[in-house]
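**Student:** sequence isn't available, so here's the structure alone:
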């Protein structure tokens, strides 16, 4: 990437020479001046991490609660998200059993608030029992989430008809009519031609033709399923049903034949994008009409996509599973199930080739006969001549419950009905407030929170019809059969109507669910946090963050099958565009605990998410342990990071928590600096744009290597599988670690339509009402979440024109051809075409960079740039990369991330080395004329940088990173200097002494260690000892030795360097605590504690629970040290390294 154009290579050579120059002085490290990092106690409190505090299985104790809260306070946790999970077990895990909703439960809640107040821990509560989402036993079916349902029957007309209509689906007997319609049936639209089913596996599969069948046909190998008709049959749509969910059933190859011998391939089905909770409804494919006697559905996994958050079913090892294949002679709207809002899905639009206008129901032929239907479903109607399909449509409960709840388990409340939301709030949160009393509640309950959306989607509510009328200007019932898949007027008209349905759902969920919760929260003196709604509830996955006070994402540890990269981006962009200073993340969730987790192997993941924009962690998970004498004790089965008081390294882990607080304090300062605004598009559902979705639009920015690797990833040749933590998934899924600093120095936010329409232009930058500003607006081309990139609302087109003419620079992809929805249609399309012709058409100039070029033109004060953008930067358009990392030979350095914040006084850059290697790099910052400072948040030490240079409007600084290290570079005071060479930016260390004396090591017998101290001449892993009390030991051991010191430590630091630590070590010299080492480079300055002559050294080293758990499996229950509810999954695993390993050295800085 070209940063400064000519002369860059010369500068790289000069920097390399600078590294070799002798220096007369290296400045001693010192803390930063107070005016560089100025914080308050309020800043520190806000910066401290929180935890999710799960109470399991009605097994709670007051002693355990007190111990939990005190342990949190001890290591610097600010607060806890309290959630009871599941009910009592049989037999109970702990007695007395205290079930949620009982008087004893509410008494315990008051006790907990009182203890939290005494200890100084703040609490957050969720809207109901369990962690997802907002339901309870007090929610009746009519107050629960609703969906549109229907049943049909065919009648002959030309006479008076009186019959009992079929009953649509009714959850627990609950059903309400919306409307009943008579649809004309043409001769060819009869569905009574039943086929015979055969398979290549010779499996009997006739059950696949039965509607509602619950039995799956399955195959792990390629195969085919054949439908044979007695007479040629014309198929216009194919409905696939699955018990569960399955990717391969949505991508079957269709072959046809008229003789049963010679088959030709017609097409391959294409599944929609879909999230992880995608088993509520089947999938209907509109196809171009095919007439044949033999239809084969061929399963061949080759060409499968690698899967992802929005194609969850493709993550897993390929196999075919389905419970029904239904061939329809009548047309259906392509994949209408998602388009109607009953599931989170994104599909391509129906086409006129799939659905001819003649196959659609004409608007004047759609007869609403609701007035002829009695309350009991009896139809009394004088039917016109012809054949009619009577379509009875209504709504019932989706049946989704707060599945993780205990005694308070019940239906999920209606997310579009304010009445239901209010009853939900009164049923749980208000009861907690009443029990505590308003004063105590306001003192302790500081956050109310909506967690993971795990209750599916909904597409109806008693309030929906009026909400739709008010927002869209017409009655949704007019075209309601389209929600059942019946095309009305045309394919395009039907798609527009269903878009209006989805738009209304997205808006109403925010105004009728999130806004009442916010009002309730603020009324009680708390703030409102929430995670994303995607990919489960059909909404704009960022729009609710304008209502929420604290957006939250989540990231997972070693769990690619469940990781939530997009959730983090939803929260980060949502916070940035709506001006929310805090971006929380549910941190380190994992599908299977390995018991090897410790701060050192968690830091890289943590830092990666800091670089993305997260600035406060909520550790997942702290599980309440009712026992004081059982370790590890209670867990959330095998899920989550074991982060609670009985963790072996809990107390020493304070150093890690302090690190998080320091980083978060700086990353909460000021506002984010982000260069690119990337438009999400207007498809619904929608969410923040993942970087891989932009490669085809910005190939030059991503670079040729990325373009090639992404092409190979998507090809997914050979369908490679990876196995991590015992879970097998596609190896070619997007791995967040591969996309660190994806745009090579440019940070981006995703802008949804809501915020784009509020944007304006100031000094050539796109500025949002919250103050966020961007140099370039990017409209990506067609991608997975925007399959129809040729549709744009008139409002967005007008805004785009306004922004460009006022000075915005915009990268554009395909030209929109049609508007969205029925508002203003068809006249709106005419105006859209006038606007898009002005923007997309006309004469373009060429901008060149070497052998690459890009087309652009001016419009008003702004600039239109055509994608694909092939240049390596936006320098030519006035936007340089914010940060550029280079190796010392001038080549681009990868595997690094950054986060840039700006206050009124300073620029704050967080830098992370994501590689497990030490590195010396040149880092170029888009800042000039300010003095740079270096701050290490691990050691809490900072200093002015002694070596840097300003070239043009950038500052170049040589920096050293230990493996997986993170640093801050801060720019504060203005300066006229163009360079500094007063000192190296890192110490040059040389060995002063190896500690050769024997070590006396003391283990804790209560944790199974030897009762007497042992003496070691060399340091090796505990796992290498013959003595099982050492080999299987988990806990802390104290290493003690003495050494002689003849030097004078006053002139420079003296470093204690540990060769290897497994896993965390606290150093004391002469009784003085020198700090805890938990990450590279595992060294600490002990200079101020040294004295001439003999010195006492103590190193307390702690490993993880893994070795003890493995050892205990070979022991009878009564001899085991450990007791836990977690399932044992370490069979066959080797013992882990543990203890102090290798050589311990004293190091001093070289002074030349």
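**Tutor:** Thanks, I have it. What you see is a predicted model; the values in this text were computed from it and never measured. Numbers count the residues shown, from 1 in each chain.
**Student:** what's next to stretch 287-296, contact-wise?
**Tutor:** Residues external to stretch 287-296 that are found in contact with it (CB atoms under 8 Å, 6 or more residues apart in numbering): 195, 224-238, 253-260, 263, 266-267, 327, 353-354. (Each C-beta comes from the backbone N, C-alpha and C, glycine too.)
**Student:** tell me which entries of those residues lie within strands.
**Tutor:** In strands, defined here by DSSP state E, the members of those are 224-238, 253-257, 266-267, 327.
**Student:** quick one on the thing from earlier: tell me the buried residues within the contacts of stretch 287-296.
**Tutor:** For the contacts of stretch 287-296, a burial check counting by 16 or more other CB atoms under 10 Å picks out 195, 224-229, 233, 235-238, 253-257, 263, 266, 327, 354.
**Student:** domains in this protein, by residue range?
**Tutor:** Taking automatic domain parsing as the domain assignment, the ranges for the chain are 8-30+882-985, 42-127+428-453+532-670, 192-329, 676-714+745-877, 990-1149.
**Student:** just the strands in the stretch 851-1000 of the chain please.
**Tutor:** Ranges of strands in the stretch 851-1000 of the chain, per DSSP state E, counting those that start in this stretch, are 852-859, 862-866, 883-886, 896-902, 907-913, 919-925, 930-936, 941-944, 947-951, 954-961, 966-974, 979-981, 989-994, 999-1002.
**Student:** out of the ones you listed, which is closest to residue 816?
**Tutor:** Nearest to residue 816, of all the strands of the stretch 851-1000 of the chain, is strand 862-866, at 13.9 Å by CB to CB.
**Student:** can you list the strands that that closest one pairs with?
**Tutor:** Here strand 862-866 is paired, per DSSP bridges, with strand 809-812 (parallel), strand 852-859 (antiparallel).
**Student:** reformat those strands as JSON lines; add mean pLDDT, mean neighbour count and distance to residue 54.
**Tutor:** Output for those, formatted as JSON lines (pLDDT from 0 to 100; neighbours: other CB atoms under 10 Å; distance: least, CB to CB, whole Å):
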{"stretch": "strand 809-812", "mean pLDDT": "98", "mean neighbour count": "24", "distance to residue 54": "45"}
{"stretch": "strand 852-859", "mean pLDDT": "97", "mean neighbour count": "16", "distance to residue 54": "52"}
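**Student:** of these, which is nearest residue 349?
**Tutor:** Minimum separation from residue 349 across the strands paired with strand 862-866 (CB to CB) falls at strand 809-812, 20.7 Å.
**Student:** check the offset of that closest one from the chain's centre.
**Tutor:** Remark: strand 809-812 is offset 27 Å from the chain centroid, using CA atoms, centre = their mean, to the nearest Å.
**Student:** name the residues of stretch 735-752 that are buried.
**Tutor:** Buried residues in stretch 735-752, counting neighbours by 16+ other CB under 10 Å, are found at 736, 738-752.
**Student:** just the residues you listed now: which is nearest residue 994?
**Tutor:** Checking those against residue 994 by CB to CB gives residue 740 as the nearest, at 37.4 Å.
**Student:** from residue 1139, how far off is the closest one?
**Tutor:** Plainly put, residue 740 is 32 Å away from residue 1139 if you go by CB to CB, to the nearest Å.
**Student:** just residue 397 next, same as before
**Tutor:** Using CB to CB, one gets 57 Å for the distance from residue 397 to residue 1139.
**Student:** surely residue 210 and residue 324 touch.
**Tutor:** Yes: Residue 210 is within contact range of residue 324, at 7.1 Å (criterion: CB atoms under 8 Å).
**Student:** between those two, point out the one with more neighbours.
**Tutor:** residue 324 (22 against 14; other CB atoms under 10 Å).
**Student:** where does residue 568 fall, secondary structure wise?
**Tutor:** Residue 568 is located in helix 565-577, with elements delineated by DSSP states H and E.
**Student:** any idea of the mean pLDDT in that helix?
**Tutor:** Helix 565-577 comes out with an average pLDDT of 98.
**Student:** same question for stretch 309-329.
**Tutor:** Average pLDDT, stretch 309-329: 97.
**Student:** again, but for stretch 937-953
**Tutor:** Computed over stretch 937-953, the mean pLDDT rounds to 96.
**Student:** so how far is that stretch from its chain's centroid?
**Tutor:** Taking CA atoms, centre = their mean, one finds the center of stretch 937-953 at 33 Å from the center of the full chain.
**Student:** just stretch 938-958 next, same as before
**Tutor:** Relative to its chain's centre, stretch 938-958 lies at 33 Å (CA atoms, centre = their mean).
**Student:** where does the closest residue to residue 114 other than its chain neighbours fall, secondary structure wise?
**Tutor:** Computed as CB to CB, 6 or more residues apart in numbering, the closest residue to residue 114 that is not its neighbour in sequence is residue 440, at 6.8 Å. Taking DSSP H and E as the criterion, residue 440 maps to helix 438-444.
**Student:** who does the following helix or strand past that helix pair up with?
**Tutor:** Next along the chain after helix 438-444, taking DSSP H and E as the criterion, comes strand 445-450. Neighbouring strands of strand 445-450 in its sheet, by DSSP bridges, are strand 122-125 (parallel), strand 527-531 (parallel).
**Student:** can you redo those as TSV with distance to residue 320?
**Tutor:** Output for those, formatted as TSV (distance: least, CB to CB, whole Å):
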stretch	distance to residue 320
strand 122-125	44
strand 527-531	33
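**Student:** TSV for the ones you listed, including mean neighbour count, mean pLDDT and distance to residue 808?
**Tutor:** Below are those laid out as TSV (neighbours: other CB atoms under 10 Å; pLDDT from 0 to 100; distance: least, CB to CB, whole Å):
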stretch	mean neighbour count	mean pLDDT	distance to residue 808
strand 122-125	22	99	40
strand 527-531	23	99	31
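**Student:** and residue 283, which of these is closest to it?
**Tutor:** Closest among these, using CB to CB: strand 527-531, at 26.9 Å.
**Student:** the inter-axis angle of the closest one versus helix 565-577?
**Tutor:** Put simply, strand 527-531 runs at 140 degrees to helix 565-577, going by axes from the mean of the first three to the mean of the last three CA atoms, to 10 degrees.
**Student:** please consider this matter closed, and thank you.
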